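J.: Provided below for reference: sequence and predicted model.
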Protein chains: 2
Amino acid sequence: MLVVDDEPGVRRALERGLRAEGMQVLTASDGPSGLRAAMTGSFDAVLLDIMLPGLSGYRVLERLRAAGVGTPVLLVSAKDGEVDQADGLDLGADGYLVKPFSFVVLVAQLRAVLRRQTDLRRDAVLRLGELVIDPARRQVSWADQPVQLSPREFAVLVALAQRAGSVVGKDELLRAVWGDEQAASRNAVEVYVGYLRRKLDAVGAGGVLQTVRGYGYAVGAQDRT
Amino acid sequence: MLVVDDEPGVRRALERGLRAEGMQVLTASDGPSGLRAAMTGSFDAVLLDIMLPGLSGYRVLERLRAAGVGTPVLLVSAKDGEVDQADGLDLGADGYLVKPFSFVVLVAQLRAVLRRQTDLRRDAVLRLGELVIDPARRQVSWADQPVQLSPREFAVLVALAQRAGSVVGKDELLRAVWGDEQAASRNAVEVYVGYLRRKLDAVGAGGVLQTVRGYGYAVGAQDRT
DNA sequence: TGAGATGTTGAGAACTCGCTGAGATGTTGA
DNA sequence: TCAACATCTCAGCGAGTTCTCAACATCTCA
């Protein structure tokens, strides 16, 4: 979660509350720094106050969407006018809260937004340049050539592709693919990345999976939808 | 879509937004005219504000249902009380939105309602290339040759065909065909897919049912993105 | 330069998965 | 009551998959 609000008291309260709900929280206190943080696209959701110093919440949202960042955004405002709502909605906000709002309502909205997000994501086709991953059909192809993968290989590739552009630690992969009970050693990750590389190389997709020594792996792509 | 709301700003914003989502939209600004429009029954869904001049949303909904019009209705209100929600749903509303609501949420609810609607029209004949499934007559044919199926076999085939083009997990199939109480093991699914294949192969429909190892089954359909 | 850390890979044992034939059990209708 | 059918479990086979081990390659830094 990214929380953008100019009042230190609100920031602290939200941070503490959301932590207690098991979320990881980062905060920003003005428009520009909030925008910068949100641009990384590495948040599951953003809670954005409208009245902000430097750059209003509207503008932040606008630029975010213009830059193609699709992270869900909940707008927070003290104002209640219809006009504001319509504006916010047209800009692509995913929810709207009017101050003062109850914490319970906030959490409910957040969970709704996150659920919708994962619902959409689960079956959404992932595209990374020539690489296309279709979770609904469990199919992978490179430049329209299909690539046959075993279930584990597929899961590893999806886990990497979902975090495309950033490095995924081996332990993180282990957790994402093998589950929490750690049924496999860390070497299994290396082996499966090896399998994936071999199969991808065979269709000309060399160098898609990069090794980051001492940490983990990353799958290419600077773009994003 | 029929949008009934007395505020011109909201009407315009919704109209624009929904058009952008590919829907056809008509609007009405008060209760009586909204009711008249809805009575025609020619809408896929109605978005109905509760606070309306002339005739409240509740009354509109009431009369609509009394007249036997089953069009799905989403109620919109500024009020947030539990009582109101219960009232609205009792009157036969299909969803409830509290202002201020986000446009994304509205669209999600709308799609859910429409999906439910089409699910009810289950009797529609399913066509997958040469394969024709008629749920109303419980008949299946391949290239005009009829195929005799037992009820279970039929149910499995329908469950697969309804999600044509995407992979259906065995557990998912089990739930869809056998119900939630898990009256059968996962192997039953394999057995029935086996039966289906044998019968389909016999009329030349080989390879219609594909196995996706480690996950489930998929029935043809190459189109779609 | 070379020792230790880190990553890659081939081999192979153990296991899981999906398909199938056999058969127990239940249901229906003559 | 019996035959015909439907449903579902079971056990076994063969193929594919998963994962570990250990040898080897590569990298990093003193």
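T.: Now that the structure is in, tell me what you want to look at.
J.: contacting residues for A:R152?
T.: By C-beta atoms under 8 Å, 6 or more residues apart in numbering or on different chains, the contact set of A:R152 is A:V177, A:Y192. (Glycine included, C-beta is placed from N, CA and C.)
J.: what helix or strand is it on?
T.: helix A:151-162 (DSSP states H and E).
J.: does DNA strand C sit close to that helix?
T.: No: figure legend: helix A:151-162 not in contact with DNA strand C (C-beta under 7 Å from any atom of the strand); closest approach 7.9 Å.
J.: gap between that helix and the chain center?
T.: 16 Å (C-alpha atoms, centre = their mean, to the nearest Å).
J.: Is DNA strand C within reach of the following helix or strand past it?
T.: Remark: after helix A:151-162, the chain's next helix or strand is strand A:168-169, criterion DSSP H and E. No: using C-beta under 7 Å from any atom of the strand, strand A:168-169 never reaches DNA strand C; the gap is at least 9.7 Å.
J.: which of the residues in stretch A:150-160 are buried?
T.: For stretch A:150-160, burial by neighbour count (16 or more other C-beta atoms under 10 Å in any protein chain shown) applies to A:R152, A:E153, A:F154, A:A155, A:V156, A:L157, A:V158, A:A159, A:L160.
J.: Enumerate the residues of chain A near DNA strand C.
T.: A:170, A:187, A:190-191, A:193-194, A:197-198, A:211-215.
J.: the bottom helix or strand of chain A by mean pLDDT?
T.: One helix or strand of chain A scores below all others by mean pLDDT, DSSP states H and E: helix A:82-90, with a mean of 54.
J.: now for the helix or strand following that one, which elements pack on it?
T.: Counting by DSSP H and E, the next helix or strand C-terminal to helix A:82-90 is strand A:95-98. On a contact count with 3 or more C-beta pairs under 8 Å, 6 or more residues apart in numbering or on different chains; DSSP states H and E, strand A:95-98 meets strand A:73-77, helix A:82-90, helix A:103-123.
J.: If we use 7 Å, what do you get?
T.: strand A:73-77, helix A:103-123 (3 or more C-beta pairs under 7 Å, 6 or more residues apart in numbering or on different chains; DSSP states H and E).
J.: one step back: from the buried residues of stretch A:150-160, which is closest to DNA strand C?
T.: If you rank the buried residues of stretch A:150-160 by distance to DNA strand C using C-beta to the nearest atom of the strand, A:R152 comes first, at 10.5 Å.
J.: and the gap between the closest one and B:G214?
T.: Between A:R152 and B:G214 the computed distance is 8 Å (C-beta to C-beta, to the nearest Å).
J.: Then A:R197?
T.: Taking C-beta to C-beta, one finds A:R197 at 20 Å from B:G214.
J.: So for the two, which sits in the more crowded spot?
T.: Each of A:R197 and B:G214 has its neighbours counted (other C-beta atoms under 10 Å in any protein chain shown); A:R197 has more, 17 against 13.
J.: got a list of what that one touches?
T.: Shown in contact with A:R197 (C-beta atoms under 7 Å, 6 or more residues apart in numbering or on different chains): A:L209.
J.: I'd assumed it was in a strand, is it?
T.: No: A:R197 is assigned helix when assessed by DSSP: H, G, I helix; E, B strand; the rest coil, not a strand.
J.: Give me the pLDDT for it.
T.: A:R197 is assigned 94 on the pLDDT scale.
J.: Over to A:L35?
T.: 89.
J.: what do you get for A:R122?
T.: Looking at A:R122, its pLDDT reads 63.
J.: for the one 4 residues further on, same thing?
T.: Among the per-residue scores, A:L126 holds a pLDDT of 81.
J.: what about the closest residue to it other than its chain neighbours, which helix or strand?
T.: For A:L126, ignoring the flanking residues on the chain, the nearest one in space by C-beta to C-beta, 6 or more residues apart in numbering or on different chains is A:I133 at 4.1 Å. Taking DSSP H and E as the criterion, A:I133 maps to strand A:131-134.
J.: Strand partners (parallel or antiparallel) of that strand?
T.: strand A:126-128 (antiparallel), strand A:139-142 (antiparallel) (DSSP bridges).
J.: Please work out which of those strands is packed deepest.
T.: Burial of those is given as mean neighbour count (mean count of other C-beta atoms under 10 Å in any protein chain shown); strand A:139-142 ranks first at a mean of 20.
J.: ok, residues contacting the helix or strand just after that strand?
T.: Downstream of strand A:139-142, the first helix or strand assigned by DSSP H and E is strand A:145-147. Residues outside strand A:145-147 that contact it (C-beta under 7 Å, 6+ apart) are A:Q139, A:V140, A:S141, A:K199, A:L200, A:V203.
J.: Correct me if wrong: A:A184 contacts A:R175.
T.: No: taking contacts as C-beta atoms under 7 Å, A:A184 lies outside contact range of A:R175: 10.9 Å.
J.: A:D5: how many residues sit nearby?
T.: Around A:D5 there are 25 residues (other C-beta under 10 Å).
J.: go on, the one 10 residues further on?
T.: Applying other C-beta under 10 Å, we find 17 residues neighbouring A:E15.
J.: how about the nearest residue to A:D49, chain neighbours excluded?
T.: Closest to A:D49 by C-beta to C-beta, 6+ apart is A:D5, at 4.3 Å.
J.: For A:V107, see how far away the one you found is.
T.: 16 Å.
J.: what do you get for A:L18?
T.: Relative to A:V107, and taking C-beta to C-beta, A:L18 is found at 8 Å.
J.: got any ranges where chain A has weak pLDDT?
T.: Counting by pLDDT under 70, the ranges of chain A that qualify are A:68, A:79-92, A:118-123, A:181-182, A:221-225.
J.: where does it come near DNA strand D, residue by residue?
T.: Residues of chain A lying close to DNA strand D (C-beta under 7 Å from any atom of the strand) are A:150-153, A:178, A:183-185, A:187-188, A:191-192, A:213.
J.: How about A:G169: what's its closest non-neighbour residue?
T.: A:G216 is the one closest to A:G169 (C-beta to C-beta, 6+ apart), at 4.2 Å.
J.: Go ahead and confirm the one you found touches A:V167.
T.: Yes: contact criterion C-beta under 7 Å: A:G216 and A:V167 qualify, at 5.4 Å.
J.: Name whatever forms a beta bridge with A:Q145.
T.: Applying DSSP bridges, one finds that A:Q145 bridges with A:W142.
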